[in-house]
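J.: Show me how the following folds:
(2 chains)
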There are 2 protein chains.
Amino acid sequence: MGGDHGCGVVVAGVKLALAADPNIEGVFLVGQKDQIELALVRCGCRDARIEIVHASEVLAMADKPVLGLRRKKDCSILRAVGLLKDGRAEALVSPGNTGGVVAASTIRLRPLPGVERPAIAAVLPASKNEFVLLDAGANVECRPMHLLQYAIMGSVYSREILGYKRPRVGLLSVGTEETKGNELTQEAFKLLQQAPIDFVGNVEGHDLFTNRVEVVVCDGFVGNIVLKTCECLATEIFSWLKRELSQNPLRRLGAALARGAFRTIKRRVDPDAYGGAPLLGLNGNVMIAHGSAGERAIMNVIRLATNATQNNINQMIVQELAATRKRLAPEPAPAADTSL
Amino acid sequence: MGGDHGCGVVVAGVKLALAADPNIEGVFLVGQKDQIELALVRCGCRDARIEIVHASEVLAMADKPVLGLRRKKDCSILRAVGLLKDGRAEALVSPGNTGGVVAASTIRLRPLPGVERPAIAAVLPASKNEFVLLDAGANVECRPMHLLQYAIMGSVYSREILGYKRPRVGLLSVGTEETKGNELTQEAFKLLQQAPIDFVGNVEGHDLFTNRVEVVVCDGFVGNIVLKTCECLATEIFSWLKRELSQNPLRRLGAALARGAFRTIKRRVDPDAYGGAPLLGLNGNVMIAHGSAGERAIMNVIRLATNATQNNINQMIVQELAATRKRLAPEPAPAADTSL
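T.: Numbering: from 1, shown residues only, chains lettered A, B, ... in the order given. Below is the predicted model:
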């Protein structure tokens, strides 16, 4: 039901995803039944794998997450999370109120042992590699320990899903030196140094797209702003370029000849290529789709979700968090020898 | 002495600036005399307007600002700020340790009445307008009142220097609704609503380059990361594009035909076009140049500095801050009428 474009786009994206992947066993469309049925008719989708699960309420984009969920007990987000909780669904995709999805799934599914807050792990392209930025907006008030947990989760994600053998982890700050940053990052720096990861220290905005790291750790406020700023700037640069390239016949000819180059780069920076990002650290696969996701983006985030069900990284996250806690905890003093 | 490239680049930039602007009366080059003299000889600069002011110490990029300034009493930053303080110089430009410049000039020059912390005001291009982002890194731990002061200073800067009659001010956050954001922005939102500015509410990363506002307010941690991320991404996109455009003869021909378009956009997103940003809110004109500034960037930031000496906006900032304080302060209760 959520997202900026309503349920029509979501249903159209589901149609694309079902057509692309015969291995999808079933899709629950959770929300207001009549609206969903109408959307299915409109896009001519009659896939037998679709099942509608009615929910009488909708958590609006402007609703305060926790308060909204308390008031709207029968909203589609809670129903959808319930399907995961009950084991009927293996993954959840939502382009709705991000805070609502985070709150509902944290409350109902519970975080993994050792995780205090889940994090949105967004994948971005650098010039030679890809890096995962987390948290991209699940938790805007972070403590140093949260950033440590994000570093571990991001490291596992980068290794297991993106395929980097020994992902380098950077802490996003305003200078590379340990002393630079705010109170949060300065404290987190000390924790990350002790974690069983390849921590390279602070990274700056300057370093993001230059292959210095495969994991970028920051609080959800900063991460959300960075992610959206990058998407906006990339889109704008291409639209400025398009305008300039259409200014005269010579440029238009040049643009036509070089078309392939533009396509490659556009594909590289296309936010719809992923369409969304997983919420890491929960007992269950939850994918946050862009609020502005179009049907192609929805299709892609459904692919992300089906992949996630096949690559269960949660157990690794739990193990590595436990190993980290062990490293950080002071050794218990040896029991006094009372046999003498 | 500071900056990533040492004093040779700074001297070369000064040479360009002096050649470009006959109205510059004089330039003090503050730092280690022998190094500066060598750099002047190397770039063949013998302008009589140059005066070397020797300083025996240098605040290194890695030095902690306040501690470093306390230890290095004869460092070039403190000497240069001293020239402003004594009225010998009208503006200061430094590509050195940003924290050091901020601390030295805050301590020696003092903030303007009503300003608690100065802010770096970086100008960025959107598709149709320019916007000023502040704070871009002077103060990484902000309180709501600081953000209010930045909003006023940014508003005055946008109006008086960039020429927007009634600049729209946005508070950088993770959602447009008042309830979205962290504790800092939620509190700042309430203050900004009452300020005598055109406050449009929260803006997101998505909104930065789409002409929604002419002033973007955030804390120095977020602002510094956003600024550097944007510079890095723009540079990377162009380098990816360049690589793609040189892949085959057809693309190379296309790129040659459309060359003008690329030049226009590159100029638009060129961080050297400004070369730096003013530190607003001080009794004196202080310009923070990029640490990575090349000679052209240094020339441009000197131009920014000479312009600043002609457009004195400090008095307006003081007045508008006073008016804001008056609006925010509760009306004094009318004196009880004791005449009856």
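
J.: rest of the way, CA atoms for contacts and neighbours
T.: Will do.

J.: Correct me if wrong, but A:Val101 is in a strand.
T.: No: A:Val101 sits outside any strand when classified using DSSP: H, G, I helix; E, B strand; the rest coil, being helix.

J.: Show the contacting residues for it.
T.: If you count contacts by CA atoms under 8 Å, 6 or more residues apart in numbering or on different chains, A:Val101 has them with A:Ile77, A:Ser94, A:Ile288.

J.: Just the buried ones from these?
T.: A:Ile77, A:Ser94, A:Ile288 (16 or more other CA atoms under 10 Å in any protein chain shown).

J.: hmm, back to that, show me which of the contacts of A:Val101 is closest to A:Leu172.
T.: A:Ile288 (22.2 Å; CA to CA).

J.: I figured that closest one hits A:Pro95, correct?
T.: Yes: with contact defined as CA atoms under 8 Å, A:Ile288 counts as touching A:Pro95 (6.0 Å).

J.: which one of the contacts of A:Val101 is nearest A:Thr210?
T.: A:Ile288 (26.4 Å).

J.: Quick one: mean pLDDT for the helix or strand encompassing that closest one?
T.: Take DSSP states H and E as the rule and A:Ile288 turns out to sit in strand A:285-289. When pLDDT is averaged along strand A:285-289, the result is 94.

J.: State the next helix or strand along the chain beyond it.
T.: helix A:295-310.

J.: Tell me what angle that following helix forms with strand A:285-289.
T.: Angle between the axes of helix A:295-310 and strand A:285-289 is 160 degrees (criterion: axes from the mean of the first three to the mean of the last three CA atoms, to 10 degrees).

J.: What is the least confident helix or strand in chain A?
T.: Within chain A, no helix or strand scores below helix A:259-269, which has a mean of 85 by mean pLDDT, DSSP states H and E.

J.: now could you export just the CA positions of the helix or strand hosting A:Arg79 as PDB?
T.: Assigned by DSSP H and E, A:Arg79 falls within helix A:76-85. Taking Å, rounded to 0.1, in the frame of the first residue of the first chain, the C-alpha atoms of helix A:76-85 are listed here in PDB:
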ATOM      1  CA  SER A  76      -0.600  -3.800   6.000                       C
ATOM      2  CA  ILE A  77       2.900  -3.500   7.400                       C
ATOM      3  CA  LEU A  78       2.000  -5.400  10.600                       C
ATOM      4  CA  ARG A  79       0.100  -8.000   8.600                       C
ATOM      5  CA  ALA A  80       3.000  -8.500   6.300                       C
ATOM      6  CA  VAL A  81       5.500  -8.800   9.100                       C
ATOM      7  CA  GLY A  82       3.000 -11.300  10.700                       C
ATOM      8  CA  LEU A  83       3.300 -13.500   7.600                       C
ATOM      9  CA  LEU A  84       7.100 -13.700   8.200                       C
ATOM     10  CA  LYS A  85       6.700 -14.300  11.900                       C
END
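
J.: relative to strand A:285-289, how tilted is it?
T.: 150 degrees.

J.: What is the distance between helix A:76-85 and the centre of its chain?
T.: 18 Å (CA atoms, centre = their mean, to the nearest Å).

J.: so what secondary structure elements neighbour that helix?
T.: Judged by 3 or more CA pairs under 8 Å, 6 or more residues apart in numbering or on different chains; DSSP states H and E, helix A:76-85 is in contact with strand A:27-31, strand A:91-94, helix A:98-109.

J.: contacts for it?
T.: A:1, A:30-32, A:54-59, A:69, A:89-92, A:94, A:100-101, A:104-105, A:108-109, A:284.

J.: Stretch A:163-180 now?
T.: A:151, A:155, A:158-159, A:181-182, A:185-186, A:189, A:197-205, A:212-218, B:62, B:64, B:137, B:221, B:224-225.

J.: Now, those residues that are in helices?
T.: A:Ala151, A:Ser155, A:Ser158, A:Arg159, A:Thr185, A:Gln186, A:Phe189, B:Phe221, B:Asn224, B:Ile225 (DSSP state H).

J.: Could I get the buried residue list for stretch A:246-266?
T.: A:246, A:250-262, A:265-266.

J.: My error: substitute stretch A:31-41 in the last question.
T.: Neighbour count says stretch A:31-41 has A:Gly31, A:Gln32, A:Ile36, A:Ala39, A:Leu40 buried, by 16+ other CA under 10 Å.

J.: before we move on, what about stretch A:126-135?
T.: Within stretch A:126-135, judged by 16+ other CA under 10 Å, the buried ones are A:Ala126, A:Glu130, A:Phe131, A:Val132, A:Leu133, A:Leu134, A:Asp135.

J.: Could I get the residues you listed in TSV, plus columns for distance to chain B?
T.: Converted to TSV, those look like this (distance: CA to the nearest CA, whole Å):
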residue	distance to chain B
A:Ala126	8
A:Glu130	13
A:Phe131	14
A:Val132	15
A:Leu133	13
A:Leu134	14
A:Asp135	12
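
J.: Out of those residues, show me where the pLDDT dips lowest.
T.: Lowest confidence among the buried residues of stretch A:126-135: A:Ala126, with 88.

J.: where does chain A dip in pLDDT?
T.: A:330-340 (pLDDT under 70).
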